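Novice: Structure for the following, please:
(2 chains)
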Amino acid sequence: MADISYNFAGIKTPNPFWLASAPPTDKEYNVVRAFEAGWGGVVWKTLGEDPPVVNVSSRYGAVNLNGQRMMGLNNIELITDRPLDVNLEEITRVKKDWPDRAMVVSLMVPCEEGPWQKILGRVAETGADGVELNFGCPHGMSERGMGAAVGQVPEYVQMVTEWCKKHTDMPVIVKLTPNITDIRTSARAAVNGGADAVSLINTINSIVNIDLDIMAPTPTVDGKGAHGGYCGPAVKPIALNMVAEIARDPDCNGIAMSGIGGISNWRDAAEFISLGCGTVQVCTAAMHRGFKIVDDMKTGLANWMDAKGYKTLDDFRGLASANVTDWNQLNMNYDIKARINQDLCIKCGLCHIACEDTSHQAIAAARVAGDRRYEVVDQECVGCNLCMHVCPVDNCITMERVDEGKPYMNWNQDPRNPHRTAAE
Amino acid sequence: MSNWAGERKMGDIAGIAAGRLSVDELSKNFDDMYPALDSKTAGIEASRCYFCYDAPCMEACPTGIDIPNFIRKIQTGNYRGSALDILTENIMGGACARVCPTEILCEEACVRTAQEDRPVTIGRLQRFSTDWLMETGEQPFERAAPTGKTVAVVGAGPAGLAAAHRLSMLGHEVEVCEARQKAGGLNEYGIAAYKVPHDFAQQEVDFILGLGGITVHYGQALGQEVTLAGLRDRYDAVFLGLGLGAVRALGLADEQVEGVYNAVDYIAALRQSDTKADIPVGRKVVVIGGGNTAVDIAVQTKRLGAEDVTLVYRRGADAMSATPHEQHYAQTNGVKIKHWAKPASLQVAGGVVTGVGFEYTELDPDGRLIGTGETFTLEANMVFKAIGQVFIPDPVTESAACLELAEGRIAVGDGGATSIPGVFAGGDCVSGGEDLTVAAVQDGKLAAHAINDYLANR
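Specialist: Numbers count the residues shown, from 1 in each chain, chains lettered A, B, ... in the order given. Predicted structure coming up:
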């Protein structure tokens, strides 16, 4: 059986599955249940200064798709609303009772050195394994100059990271907000500040929907709504891209990454790890189905690793990031055409209408002895994959490579590129 | 039609009795065959639709409803739009959603049948939308400016009502002659009660007549109170939606004895009973036939409390006109189906049937059905004839206005045009009729447009 334990920036964890800083990790009761279920670690819900914040009622909004609930979720909840002492006492007890699990504590205090120094000292006394700096929370706290208000300013990210490194020996993980133009800028700031790792993504500024009867966004608080932080399966593609951007940025120095964003199962986790993450953090999936989902995550990942011959996470960690490149490095001579398996085709015609109405008119609709038949017109097919994606039958439409014998040639080398000389 | 329950004294015959089950049990047994979908389940089922291009289901629908479009509108909560997609093509979309053999029409064609043998349940979704609109009480259709023409429609069944509705929408006045005391045709008198419970047929009639411009005259049978020649004289055009008036006989001696009945007459009486507690049923019931009427009578007598119901058909399961789905439904309702046997004799004691003698059948080398000479007997208190209905041509073949027939029914061309100009026909009474509600509705709709063209060009 594959070994899925990991040493993440000095934090040992029996498996890469952590619960992200969020309601599931707000108190001892939940965290103990999570550890009993088998989670490798938690990032305790963000601690702040006393007096604790006060939350509103009506906190989550959801995007449902075709009867599937919570494809996306957003929230307007703030950091922990419990007193600091209560949280610290519980953290201490849980870490003592569960020494093999990773205990990371999320922090958010005003952007001044004193408060950071003070709270780091308190956390160190709990025996926690590390801290995560919440520079991402996009709602509420940012209006008070914290969370994303810090994360969106690289200079602040670096400055606070430096303070934290100065005042603690615990590994420092910087949690990044996606609500920026280029994630690498924030990541570089964390690296320059001495961070041991980054975690990403925090939630995305969002309004999940408008209640058309009351003309207000949801979640609605007495007729009004505020933007919230978007998460859940819908945000995974955004998170994967940001992870890949950091992974392949030389200035980020291969910094350790904890992947967050729509991770619901072992396959999602494997994808983040393949882009270089050492651990992954989960929230929405657990909030949807409970902590038991970690069982599939652990066994699914190990079974897949066994099938692939990977003995440890490092055996495949980052393998995919090597294949993430800039568009101008793609092979212009690569050529694929759609192929329809007529035996599998159920005659829904979606490939035809998608191509006919919105693409290249490369799938002809015909009737052969009264029966519908859809066929690819090779000379029109540009190999865009759209038909393959709309086809509801697995493996009915596949893409066949037809460019045999042509050498690699990227856009910078392509004679069709008018700026080729300039690019060279 | 003979009101058999009134004419005969069922209760006096041993083995036949009403009220075998409690009113509660009967009410449960004759409630909806399939429960209505709620908005949640309808939305999920609607999301299974792929929104096919050139959708095979549409081609399989005799009324050409844009099925993917109406289903998508359920998914988005545009229920009114969904219902109008259906009702614009098929004003009896609510009845068809309940009674159509979808498993051999749209749902058989559904690409998910090919993919996973589990079609989108189009019929149930159609019911969701049409019920939604009818429950709003809205009358969504409008009449065109009056044309000054009046059209006679004979028969207020699916064909006649569909024709009347469309003619009225096109601006014509419509006068409907209906032989019975209620409109709806087979939806009111002929379909199994559990397929159209809760007086749905009359609600639909009210919805259709709610358009206005349609007057129904009850107790007006063609050939009796009215004649085709008379209607031709009085109206600008005539549509005939007569249905089938006679039941095929078994051709056995003693067929008129007590206990041997026409399935259609019994179902009509059962449909008119509110509680079903007054409908006598035998302990042992034998049904002869292989169509949907045979299944309907078999299942309904079982649900009335008959102990043993045996449906006997002279050929194999594949040849039954009841769909495999209907056959399965009968069997899961406790009906025993025996294939390859034909009735040979009725056993009678004291003027009352006591059993049916059958001869086993097979196909000879030329593929013809023959008796094998071997026989068996089924005990029976009630025997139902359900071997098909036939058209009675007399009212349309009088010398004053005689229509051409084909295969024993009215011969029609495009739009239901008969051999007499200005006389159109559709539904079960025309040659090539499919004995389907949905096909009758389409006939009526197309005939209305043909009549409209005829009146415009005259």
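
Novice: quick one: contacts for the residue in the stretch 151-300 of chain A positioned nearest to chain B?
Specialist: Scanning the stretch 151-300 of chain A for the residue nearest chain B gives A:Leu212, at 10.3 Å (criterion: C-beta to the nearest C-beta). Using the backbone N, CA and C atoms, a C-beta is placed for each residue, glycine as well. Shown in contact with A:Leu212 (C-beta atoms under 8 Å, 6 or more residues apart in numbering or on different chains): no residues.

Novice: Near chain A, which residues of the stretch 101-250 of chain B are found?
Specialist: Near chain A, the residues belonging to the stretch 101-250 of chain B are B:Val111, B:Arg112, B:Ala114, B:Gln115 when assessed by C-beta under 8 Å from any C-beta of the partner chain.

Novice: at 10 Å what do you get?
Specialist: For the stretch 101-250 of chain B, the residues in contact with chain A (C-beta under 10 Å from any C-beta of the partner chain) are B:Ala109, B:Cys110, B:Val111, B:Arg112, B:Thr113, B:Ala114, B:Gln115, B:Glu116.

Novice: What distance do you get for the residue nearest to A:Ala22 when sequence neighbours are not counted to B:Thr323?
Specialist: Counting by C-beta to C-beta, 6 or more residues apart in numbering or on different chains, A:Cys283 is the residue found nearest to A:Ala22 once chain neighbours are left out, at 4.3 Å. A:Cys283 sits 51 Å away from B:Thr323, going by C-beta to C-beta, to the nearest Å.

Novice: More neighbours: the two, which one.
Specialist: Neighbour comparison, A:Cys283 and B:Thr323: the larger count goes to A:Cys283, with 25 against 18 (by other C-beta atoms under 10 Å in any protein chain shown).

Novice: count of residues packed around residue 271?
Specialist: Using chain A here. The number of residues packed near A:Glu271 is 18, by other C-beta under 10 Å.

Novice: that's the wrong chain, I meant chain B
Specialist: By other C-beta under 10 Å, neighbour count at B:Arg271 equals 23.

Novice: B:Ala183 too?
Specialist: Using other C-beta under 10 Å, B:Ala183 has 25 other residues around it.

Novice: A:Val393 now?
Specialist: By other C-beta under 10 Å, 18 other residues sit near A:Val393.

Novice: ok, which stretches of the stretch 1-150 of chain B are strands?
Specialist: B:16-17, B:150-154 (DSSP state E, counting those that start in this stretch).

Novice: Lowest average confidence across the ones you listed, which one?
Specialist: Out of the strands of the stretch 1-150 of chain B, strand B:16-17 stands lowest, with a mean of 89 (criterion: mean pLDDT).

Novice: Which strands border that one, and is each parallel or antiparallel?
Specialist: Counting by DSSP bridges, the strands paired with strand B:16-17 are strand B:281-282 (antiparallel).

Novice: what distance separates the strand it pairs with from the centre of its chain?
Specialist: Remark: strand B:281-282 is offset 24 Å from the chain centroid, using C-alpha atoms, centre = their mean, to the nearest Å.

Novice: re earlier: export the strands of the stretch 1-150 of chain B to JSON lines and tack on mean neighbour count?
Specialist: What follows is those, written out as JSON lines (neighbours: other C-beta atoms under 10 Å in any protein chain shown):
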{"stretch": "strand B:16-17", "mean neighbour count": "20"}
{"stretch": "strand B:150-154", "mean neighbour count": "27"}
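
Novice: So B:Val383, which state does it fall into?
Specialist: What DSSP: H, G, I helix; E, B strand; the rest coil gives for B:Val383 is strand.

Novice: Break chain A into its domains for me.
Specialist: Here the domain parsing of chain A from automatic domain parsing is A:6-323, A:329-423.

Novice: a markdown table for those, including distance to B:Thr354 and mean pLDDT?
Specialist: Shown next, in a markdown table, are the domains of chain A (distance: least, C-beta to C-beta, whole Å; pLDDT from 0 to 100):
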| stretch | distance to B:Thr354 | mean pLDDT |
| --- | --- | --- |
| domain A:6-323 | 56 | 96 |
| domain A:329-423 | 53 | 95 |
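
Novice: Of those domains, which stretch is the most buried?
Specialist: Highest mean neighbour count among those (mean count of other C-beta atoms under 10 Å in any protein chain shown): domain A:6-323, with a mean of 20.

Novice: For that one, what is the distance to the chain centroid?
Specialist: A distance of 9 Å separates the centroid of the chain from that of domain A:6-323, by C-alpha atoms, centre = their mean.

Novice: And that domain, end to end?
Specialist: Using C-alpha to C-alpha, to the nearest Å, one end of domain A:6-323 lies 24 Å from the other.

Novice: hmm, back to that, got the contact list for the residue nearest to A:Ala22?
Specialist: Shown in contact with A:Cys283 (C-beta atoms under 10 Å, 6 or more residues apart in numbering or on different chains): A:18-25, A:43, A:73, A:75, A:203, A:231-232, A:260-263.

Novice: Same question for A:Leu78.
Specialist: Contacts of A:Leu78 were listed using C-beta under 10 Å, 6+ apart, and they are A:46, A:48, A:52-56, A:59, A:108, A:137, A:139-141, A:144, A:146-147.

Novice: In chain A, what residue lies closest to chain B?
Specialist: Relative to chain B, the nearest point of chain A is A:Gly349 (3.2 Å; C-beta to the nearest C-beta).

Novice: Can you list phi and psi of the closest residue to A:Gly145 other than its chain neighbours for me?
Specialist: The shortest distance from A:Gly145 to any non-neighbouring residue, by C-beta to C-beta, 6+ apart, is to A:Cys111 (6.1 Å). Note on A:Cys111: its backbone torsions stand at phi -80, psi 60 [degrees, to the nearest 10].

Novice: Quick one: residues contacting A:Cys111.
Specialist: The contact partners of A:Cys111, taken as C-beta under 10 Å, 6+ apart, are A:Phe135, A:Gly145, A:Met146, A:Ala149, A:Val150, A:Val153, A:Tyr156, A:Met159, A:Val160, A:Trp163.

Novice: Leaving out chain neighbours, which residue sits closest to the fourth one?
Specialist: Spelled out, it's A:Ala149. Here the residue nearest A:Ala149, using C-beta to C-beta, 6+ apart, is A:Ser142, at 4.3 Å.

Novice: Now do the SS call for that neighbour.
Specialist: With three-state DSSP as the criterion, A:Ser142 reads helix.

Novice: isn't it right up against A:Val153?
Specialist: No - in this structure, A:Ser142 is not within contact of A:Val153 by C-beta atoms under 10 Å, at 11.1 Å.

Novice: Endpoint to endpoint, stretch B:421-435 covers what distance?
Specialist: Taking C-alpha to C-alpha, the first and last residues of stretch B:421-435 lie 25 Å apart.

Novice: Please identify the buried residues of it?
Specialist: Going by neighbour count (16 or more other C-beta atoms under 10 Å in any protein chain shown), the buried part of stretch B:421-435 is B:Gly422, B:Val423, B:Phe424, B:Ala425, B:Gly426, B:Gly427, B:Asp428, B:Cys429, B:Val430, B:Gly433, B:Asp435.
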